[in-house]
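>>> Have a look at this prediction, sequence included:
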Amino acid sequence: MTKPAEILLQLRDIQKSFGSRTVLDHVSLDIYNGEFLTLLGPSGCGKTTILRLIAGFEYPDGGEILLNGRPLSHAPPEQRPINTVFQNYALFPHMSVFDNVAFGLKMKRLGKDEIRRRVMEVLTMVRLQDYATRRPTQLSGGQQQRVALARAAVNEPALLLLDESLSALDFKLRKQMQMELKALQRRLGITFVFVTHDQEEALSMSDRVVVMREGHIEQIGTPRQIYEQPRTLYVANFVGDSNILEGRILRRLDERYVEAEVEGLVCPLLVKQPLTDGSPIKVLLRPEDLRVYELHEPHQLEFWFDGQVIERNYKGMTLESVIRLPNGKQIIASEFFDENDPDFDYTPGEKVRVGWVRNWERVMTDD
Amino acid sequence: MTEKNRLRSLSILLISVWLVLFVLIPNLMILVLSILTRDESQFYRWEYTWENYQRLFDPVYLQVFLHSLWMAVVTTLLCLLLAYPFAYFVAQAPKRWRNLLLLLVIIPFWTNSLIRTYAIKVILGTKGLLNTVLLELGLIETPLRLLYTETAVILGLTYLLLPFMILPLFAVLEKIDPNLNEAAADLGANAWKRFWRITVPLSLPGVIAGSLMVLLPALGMFYISDILGGAKNLVVGNIIKSQFLDARDWPFGSAASVTLTVVMALMLFAYYRVSRNQNRELIDR
């Protein structure tokens, strides 16, 4: 995917505190025109505050917000070409679906015919054209969600903000809405800024993900970069499952490789960072990076641990096993079921060889 | 039967007896009395008649009723005008302030309303507090005639009934989701439009409830007009009271009382229907 180059919105060195609590600590972020950007982080990391600052519900204590290069920091929300889909949808209970969606256009004093045309167009797009006269309370959660989306999108904002908008829906509906949102975003060409604490949602929907932690940005990147090349242990831990192995560098072999000791195993590691011999390191391995072999099986591992399976969890498509290494450390391995091996399974207590495909590891220093 | 059930039955029985003795029987007596005939020596005679009700349509009484209704409506509007900003302000205030502010509204209730009405009389009198202050300040040269006017009655009613408007208004305003206001702002509505398009429509049930709670008592609070209103500013309650105590025409007083009750009941019923439909809309999913 090519990155749209034009910057739509800029957060420059934003600071925000509530009382003595610092919520945003010098945050800077560029949002590109037409992208689907996700702010990802646990509750209290400041992601919703960023959204509220962009919408204009809060004002920054320091720093600047620029929209198309013009400062926006102190304009009230009603003067910003930005619309929000609220977490609880915030539909007006005393208005019909039509009037809810028409609200923004009426505020702009557009003509009756144009309002009708545009509202029905958007309602058709979210497949609610037959529900125009209903009250929001007569709709299901998913339908209310779509009304909220339509109410924001009908104004053709420069930026559409979505605050944990899918978290109230059940699993299946959420999956469906994720697809619809993505499709809608592509069709409208509007920039979406989506806030979520669900890493899977973030990875599957976004062009770029911003991982946040305690008021600052930990990493910005494509979902793939975030997952495969997490810059910090925090990101690695927050996005996806991960095994973090402790180790230390023994000596450098060449420009790319070092020899290291990892949880008692001496092995070559791909380390491009300039690290001195003896430095402590962390080795990140995703569960699917690991390879597990029963003792009698042939294998292509260059180095491995002698492990013991202590638990196995059937996950449908994959088998997840918890394996104890000789030094007592426990790691999780996830393997796809193999059609050629219908009996593929482990018994708890079984001895296995466990290793990883060379170069798939990611070596990090402490935070 | 368990101990708990026995207690429940006992308390229901007690309440029922209490209601029958002090609500149902007196009301039935009034109802029956209203269709009997007046008697000089015994108060009433067992002779059925509709005359008492017909007499209510006498222009004299009709005029009192309309005047009383007028004063009650003005009182209601004044209360609404005063209570809405206050209730709105309290609902916006930080949570820890709300209870204190509401307590301040309720504290005057701890003093008997009759005493507070006399206090108003002291303030409004020709040589009362208000006139004295205005004279001292040189704002007026002769004392204003405030007491025994329609204004005084409306003022007294407004003062006594204001909390009945504030509380239901506060109850609905507090429940309005602040996100709705943010959503309206987000969609381009300024503060003025947010107020009229979001806050006001959503607080309408409170406006109606509060208005009923002010309008209905304002028709009946005869001691306010007795103390503050003089001979010309009667409320419906005055007619009923004077029929019983002065004119000794119990059947006619009963008829007036029954009529007032029926009018109030109809208004409450109308409100109940409206609010029930609204609730049903909220429940239907």
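Perfect, thanks for sending it. Residues are numbered from 1 along each chain as shown, chains lettered A, B, ... in the order given.

>>> Pass me the low-pLDDT residue ranges in the stretch 251-367 of chain A, would you?
Residues of the stretch 251-367 of chain A meeting the criterion pLDDT under 70: A:339, A:342-343, A:366-367.

>>> can you tell me how far the residue in it that chain B sits nearest to sits from B:K193?
Relative to chain B, the nearest point of the stretch 251-367 of chain A is A:G316 (33.2 Å; C-beta to the nearest C-beta). Using the backbone N, CA and C atoms, a C-beta is placed for each residue, glycine as well. Using C-beta to C-beta, to the nearest Å, A:G316 is found at 52 Å from B:K193.

>>> for A:Q79, same thing?
Remark: distance between A:Q79 and B:K193 (C-beta to C-beta) = 13 Å.

>>> again, but for B:G156
B:G156 is 37 Å from B:K193, by C-beta to C-beta.

>>> what's the answer for B:L147, then?
When distance is defined by C-beta to C-beta, B:L147 is 44 Å away from B:K193.

>>> out of the two, which sits in the busier spot?
B:L147 (21 against 17; other C-beta atoms under 10 Å in any protein chain shown).

>>> hang on, the more buried one packs against B:L124?
Yes. Using C-beta atoms under 8 Å, B:L147 is in contact with B:L124, at 4.7 Å.

>>> how about A:A55, what does it touch?
Neighbouring residues of A:A55 by C-beta atoms under 8 Å, 6 or more residues apart in numbering or on different chains: A:77, A:80, A:82, A:84, A:161, B:182, B:186.

>>> What is the burial count for the residue of the stretch 1-150 of chain B found nearest chain A?
Proximity of the stretch 1-150 of chain B to chain A (C-beta to the nearest C-beta) peaks at B:P94, 12.6 Å away. Neighbourhood size, B:P94 [other C-beta under 10 Å]: 6.

>>> Now do it, the pLDDT please.
Confidence at B:P94, expressed as pLDDT, is 91.

>>> List only those of the contacts of A:A55 flagged as buried.
Among the contacts of A:A55, those buried by neighbour count (16 or more other C-beta atoms under 10 Å in any protein chain shown) are A:77, A:80, A:82, A:84, A:161, B:182, B:186.

>>> Pull up the gap between the last one and chain A, please.
Distance check for B:D186 against chain A: by C-beta to the nearest C-beta, to the nearest Å, it reads 5 Å.

>>> my read: that residue touches A:P81, true?
No. The pair B:D186 / A:P81 is not scored as a contact, 11.0 Å apart, by C-beta under 8 Å.

>>> buried residues in stretch B:221-230?
By 16+ other C-beta under 10 Å, the buried positions in stretch B:221-230 come out as B:221-229.

>>> my bad, should have said stretch A:194-211
A:194-199, A:201-203, A:205-211.

>>> again with stretch A:120-127
By neighbour count on 16+ other C-beta under 10 Å, the buried set for stretch A:120-127 is A:120, A:122-123, A:125-126.

>>> quick one: which of those residues is nearest to B:V258?
Distance to B:V258, by C-beta to C-beta, is smallest for A:L123 among these, at 54.1 Å.

>>> For that closest one, give me phi and psi.
Taking degrees, to the nearest 10, you get phi -60, psi -40 for the backbone angles of A:L123.

>>> Contacts only, for it.
With contact taken as C-beta under 8 Å, 6+ apart, A:L123 is in contact with A:97-98, A:101, A:129, A:131-132, A:150.

>>> interface residues of the stretch 1-150 of chain A facing chain B?
Within the stretch 1-150 of chain A, the residues that sit near chain B (C-beta under 8 Å from any C-beta of the partner chain) are A:55-57, A:76-78, A:82-84, A:86, A:88, A:90-94, A:103-104, A:107-108, A:135, A:137-140.

>>> Look up how far A:D163 lies from the residue lying closest to A:N88 once chain neighbours are set aside.
Distances taken as C-beta to C-beta, 6 or more residues apart in numbering or on different chains put B:N179 closest to A:N88, at 6.1 Å, once the chain neighbours are dropped. B:N179 is 10 Å from A:D163, where distance means C-beta to C-beta.

>>> joint contacts of the two?
Common neighbours of B:N179 and A:D163 (criterion: C-beta under 8 Å, 6+ apart): A:F86.

>>> When those two are compared, which one has more neighbours?
Set B:N179 next to A:D163 and count neighbours by other C-beta under 10 Å: A:D163 wins out with 22 against 18.

>>> Is that one bridged to anything, and to what?
Counting by DSSP bridges, A:D163 is bridged to A:V195.

>>> show me what contacts it?
Applying C-beta under 8 Å, 6+ apart, we find A:D163 in contact with A:48, A:51, A:84-87, A:195.

>>> Let's see that with 10 Å instead.
Residues in contact with A:D163 (C-beta atoms under 10 Å, 6 or more residues apart in numbering or on different chains) are A:39, A:47-48, A:51-52, A:55, A:84-88, A:90, A:193-196, B:179.

>>> cool, A:E214 as well?
So A:E214 contacts A:22-25, A:41-42, A:44-46, A:234 (C-beta under 10 Å, 6+ apart).

>>> again, only this time at 7 Å
By C-beta atoms under 7 Å, 6 or more residues apart in numbering or on different chains, A:E214 lies in contact with A:C45.

>>> Next, give phi and psi for it.
Torsion angles, degrees, to the nearest 10, at A:E214: phi 40, psi 50.

>>> And for A:W304?
Phi and psi for A:W304, reported as degrees, to the nearest 10, are phi -160, psi 160.

>>> Thought A:V352 was touching it, still the case?
No. Using C-beta atoms under 7 Å, A:W304 is not in contact with A:V352; the gap is 9.1 Å.

>>> between those two, which one's more packed in?
Ranked by neighbour count (other C-beta under 10 Å), A:W304 and A:V352 place A:V352 first, with 20 against 17.

>>> May I see the buried residues of the helix or strand encompassing the more buried one?
In this assignment (DSSP states H and E), A:V352 forms part of strand A:351-356. Under the neighbour-count criterion of 16+ other C-beta under 10 Å, strand A:351-356 has A:352-356 buried.

>>> Tell me where the chain has helices.
You didn't pick a chain, so chain A it is. In chain A, the helices defined using DSSP state H lie at A:47-55, A:97-107, A:112-125, A:141-153, A:171-188, A:199-205, A:223-228, A:233-238.

>>> Please refer instead to chain B.
In chain B, the segments counted as helices under DSSP H are B:3-19, B:25-33, B:51-56, B:59-92, B:95-106, B:113-124, B:129-136, B:150-175, B:178-186, B:191-194, B:200-220, B:222-224, B:236-245, B:250-283.

>>> Kindly state the pLDDT recorded for residue 158?
By default, I'm working from chain A. Looking at A:A158, its pLDDT stands at 93.

>>> Wait, chain B was what I had in mind.
Value listed for B:T158 in the pLDDT field: 95.

>>> So, low pLDDT: which residues of the stretch 101-250 of chain A?
In the stretch 101-250 of chain A (pLDDT under 70), no residue qualifies.
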